[in-house]
Structure formats: C-alpha cells, structure tokens
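Engineer: What would the 3D arrangement of this be:
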Amino acid sequence: MREELLHHIWKFKRFNHHQLCSTTGEAISIINYGSHNQNAGPDFLDARIYINKTLWVGHVEMHIYSAEWDKHRHQSDLAYNNVILHVVLEDNKKVCNHNGIPLCTLELKNRIDTKVLANYQNLFNPVLSIACQASIKNYPLERLPIYLEQLLIHRLERKSHHLNSLLKRCKNNWELFTLRLLISYIGGKVNKEAFENLASKIPYRHALRMTSLSQMEALLFGLAGMLENPLDKYSKTLAKEFSFLKKKYTLQTMNPIEWRFSRMRPVNFPSIRIAQLASLIINTSKLFNKIVNSTGVQELFSLLNHQTSAYWDQHYCFGRHSKQKKKTIGKSMKTVITINVFIPVIFTYASVSSDLMLQELCLEMYSNIPPENNKIIRLWKNLGIKCQNAAHSQALIELKTQFCEPIKCLNCQIGTKLLLE
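Structural biologist: Numbering: from 1, shown residues only. Down below sits the predicted model:
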C-alpha cells in the first residue's frame, strides 16, 4: 500500500469512526481533519481533535507503519513538533516528538473497509502503462466529458504557470515570448532542444528589424552552425552575410552536431524548419497581436501560410538538389503549433488579463481542431476511450502524463470512482 491511500481515506473520512481511540486507549473525537498539505511538513495542517475530552489544535502526520516516524527523522525536526495525532495503518513502534513526548497514535488497520483495500491492490497496477487499465471499463463513460473538460483546464492552467516564467525571462515582452515559444515547437520533438538553444542565441531586437529574407536565413542558419562549411553558391552567400552579422552583433553559434537529420522525413529536416521560421519572422509582424486578436482556428492556421525562399523549392538541405516542391508548413505542423503555442499563449494572456471570455474561446478553439494521433491517444483508444477533437486529446494527454505516469490515482476522478466500486 502507498501512503497516499491513507491520505485519501483520512481526507474523505472513509474509515470506521465508531468509538475511536488511540493505541493507548485515549478517546478520540475529530472535529476538523485539517487541510491536506501538498508541500514539505506534516500531511494535514491545523486539525482540531478532542483527545480524552481535551481539544487539541495542530497537525496530523501519516505513515503505513508508525516506525516510519523515526525512519524519516521526524523526531528531530521541529516542523513536526506540533503534530497532535499520528495516523498509521499499523502501529509497530512507540514514537516521540522532538521534546520526547510520546505521540498519540490512531491505528486504522481494522477500521478500513477491506473492499477498498482489495480494490486498491487490484485496480492500481504500477507496472501497467495505465495503472487501472484492467478495470477502466467499469468507469461510467457518461461522466467522462465533464472530467475531460476539467483536465483540459488543468493542462492549460499548468502550462500557463510554466509560460509565465518564460514571459518573465523575456522581460514581459509578449512578442518576444511568443516567438521564442514558437521556435521551441517548430522543430518537433526530435530537435526541440536544438531549437530551444537556437532561440536563446537570436538577437531579437536586431532580427525583428530585418526586412530581407536572405539576411534572416543567414542569421538563423549561421547561428545554427549550418554555414561553417558552405557547399554551394547560395550557402556561401549566406555564410558571407552571417560573417558580417556575427562580428556586428558578437554572436555565438551552435555546434552543428546538435541537429538531427537521421530517420526523419525530409519535410521535417531542421534545415527546412529553419527556412520556414525565417519566412515566418520576415512576413509576420506583431505575431502576438495577431494571435491574441484571432477569432478562430482557421485564422490561427493562416498565420503560418508563408513560403520559404526559392532555393528551398529544390533543396531539403544545403548542397543537395531535390525535386521541385514548395516547402510550406503542413497541416500537421500547423496543428501542433496551434495546439501547443498559439492557444496556450492566448490562455496565458487571458489569465494575466483576467479575461474569462478569452479563456472560454481557447476551450472552444480546441474543440474545433481534430484530435491528435500519437502513442498516448492510441493507448486510450485501445481501452475504449475515443477522442472527438483536440480538447479531448489534450485532456487525455494530461491525464496520462500528470496522473497515470506518476501514479496519482487517488487524485484522479476515474481512480477514486473505481476504488469505491
């Protein structure tokens, strides 16, 4: 058993309260169970409990075995000196606080419904991709849409909190913040770290003043370390331009080995993504304003409708000729950027501005985008849970990554419902 089950049982009062008494026979009457502490320190704070008719106000600490109090060295930690009740599954050792005073201990071993314990052992298998996957068919699917909406909001709020730190690093410059976030996603998962590194090296104040696409390509490809050994006339021209920019702005370049090309479709090569990024920056001024004032998904998609320079119509990387093909950003990448960049940017701005209508628009936008098709979504599909749109797929990704993987089953509505079946 995990200690989280004891927290759940205590928090939701799922144990036999008849004639409660401590392991030493003291009568216990609980007035307030305390607030669940998610940070360091005792598990429940500011409880109010009568012990032998004396009202105590303080904290509650929980362990599977009482000996864990000493194992975790709480006896020498002043933060635990205000613990008024030690709640354990099994009392196997008498323990004391920092002052040497024995703790009042409540043992729950014979007070918990055996059905709940059996369900916990049977339902939540940490070896499986989804701990409750063997029993999830018992969850009433009519409840799922409401929970998925809550999960989507949870995901947006969590992302917004993370993005606020990026916004601060950008000194609250929303345009810079948006562009840096966009760059981190335009390369996909394989080259995400490399693009984040590239984003950190761009001199945005100067880059946003550029009006020439070739100059922007020279800047980006040069910073990416892809112009160190130019292979043809075009790359030599860019290398010459970058040499000037490098000296003018004292630029630091990346190591070209950071970029990954192997096992990738040519349309996803980092060279193509950088060319598309150069075109986007040159052709889209005030990107943040356009995003936050958009009224729908198609308008967001249209912000990515830019062509690369003519050179890339016949190349996927420098010096290697290919068949003629326009290298526009495809629908799948537009979807990735809209889901992971544009809408979270809007939601973050709406949160900062306390604009509830704009937050609602974000949820509506997700519902107007087709669902993602990835390993996580296919896993849920195999369990009988299907997605109708990106709102559902984003919610299920949140469920898998933030609840299933860390095995926070008792913080999940599905898990708690199955526990009581």
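Engineer: Which positions in the strand ranked longest in the chain come out as buried?
Structural biologist: In the chain, taking DSSP state E as the definition, the longest strand is strand 54-65. By neighbour count with 16 or more other CB atoms under 10 Å, strand 54-65 contains the buried residues 56, 58-63. Using the backbone N, CA and C atoms, a C-beta is placed for each residue, glycine as well.
Engineer: Just give me the closest of these to residue 37.
Structural biologist: Residue 37 lies nearest to residue 59 out of these, by CB to CB, at 8.0 Å.
Engineer: returning to that earlier point: which pair in the buried residues of strand 54-65 spans the largest distance?
Structural biologist: In those, two members sit farther apart than any others by CB to CB. They are 56 and 63, at 19.2 Å.
Engineer: For the helix or strand containing residue 48, name the packing helices and strands.
Structural biologist: Under the assignment given by DSSP states H and E, the secondary-structure element containing residue 48 is strand 44-51. Of the remaining helices and strands, those touching strand 44-51 by 3 or more CB pairs under 8 Å, 6 or more residues apart in numbering; DSSP states H and E are helix 3-11, strand 28-32, strand 35-36, strand 54-65, strand 83-90.
Engineer: can you state the direction angle for the last one and strand 28-32?
Structural biologist: So the one you mean is strand 83-90. Taking axes from the mean of the first three to the mean of the last three CA atoms, to 10 degrees, one finds that strand 83-90 is oriented at 120 degrees with respect to strand 28-32.
Engineer: Mind giving me the packing neighbours of whichever helix or strand comes after strand 83-90?
Structural biologist: Following strand 83-90 in sequence order, the next helix or strand is strand 105-107 (DSSP H and E). In this structure, strand 105-107 makes packing contacts with strand 83-90, judged by 3+ CB pairs under 8 Å, 6+ apart.
Engineer: what are the ranges of the strands in the stretch 251-400 of the chain?
Structural biologist: Remark: strands of the stretch 251-400 of the chain, listed N- to C-terminal, are 315-317, 320-321; assignment by DSSP state E, counting those that start in this stretch.
Engineer: Given the last one, what are its sheet partners and their directions?
Structural biologist: As defined by DSSP bridges, the strand partners of strand 320-321 come to strand 315-317 (antiparallel).
Engineer: same question for the partner strand, mean pLDDT?
Structural biologist: Model confidence over strand 315-317 averages 92 on the pLDDT scale.
Engineer: Likewise for stretch 42-56?
Structural biologist: When the per-residue pLDDT values of stretch 42-56 are averaged, the result is 95.
Engineer: do the same with stretch 393-404
Structural biologist: If you average the pLDDT over stretch 393-404, you get 96.
Engineer: again, but for stretch 214-234
Structural biologist: In the prediction, stretch 214-234 has an average pLDDT of 94.
Engineer: Only the buried residues of that stretch, if you could.
Structural biologist: 214-227, 230, 234.
Engineer: ok now it, how far from the chain's centre?
Structural biologist: Centroid displacement of stretch 214-234 relative to its chain, using CA atoms, centre = their mean, to the nearest Å, is 34 Å.
Engineer: Stretch 359-377 now?
Structural biologist: How far stretch 359-377 lies from its chain's middle: 15 Å, per CA atoms, centre = their mean.
Engineer: what's it in contact with?
Structural biologist: For stretch 359-377, contacts defined as CB atoms under 8 Å, 6 or more residues apart in numbering pick out 149, 152-153, 156, 295-297, 300, 335, 338-339, 343, 346-347, 350-351, 387-394, 396-397, 400-401.
Engineer: Which of those fall within helices?
Structural biologist: In helices, defined here by DSSP state H, the members of the contacts of stretch 359-377 are 149, 152-153, 156, 297, 300, 335, 343, 346-347, 350-351, 390-394, 396-397.
Engineer: can you redo the strands of the stretch 251-400 of the chain as TSV with distance to residue 418 and mean neighbour count?
Structural biologist: Supplementary listing: the strands of the stretch 251-400 of the chain in TSV, determined by distance: least, CB to CB, whole Å; neighbours: other CB atoms under 10 Å:
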stretch	distance to residue 418	mean neighbour count
strand 315-317	49	21
strand 320-321	55	10
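Engineer: do you know which of those lies nearest residue 408?
Structural biologist: Residue 408 lies closest, by CB to CB, to one member of the strands of the stretch 251-400 of the chain: strand 315-317, at 43.2 Å.
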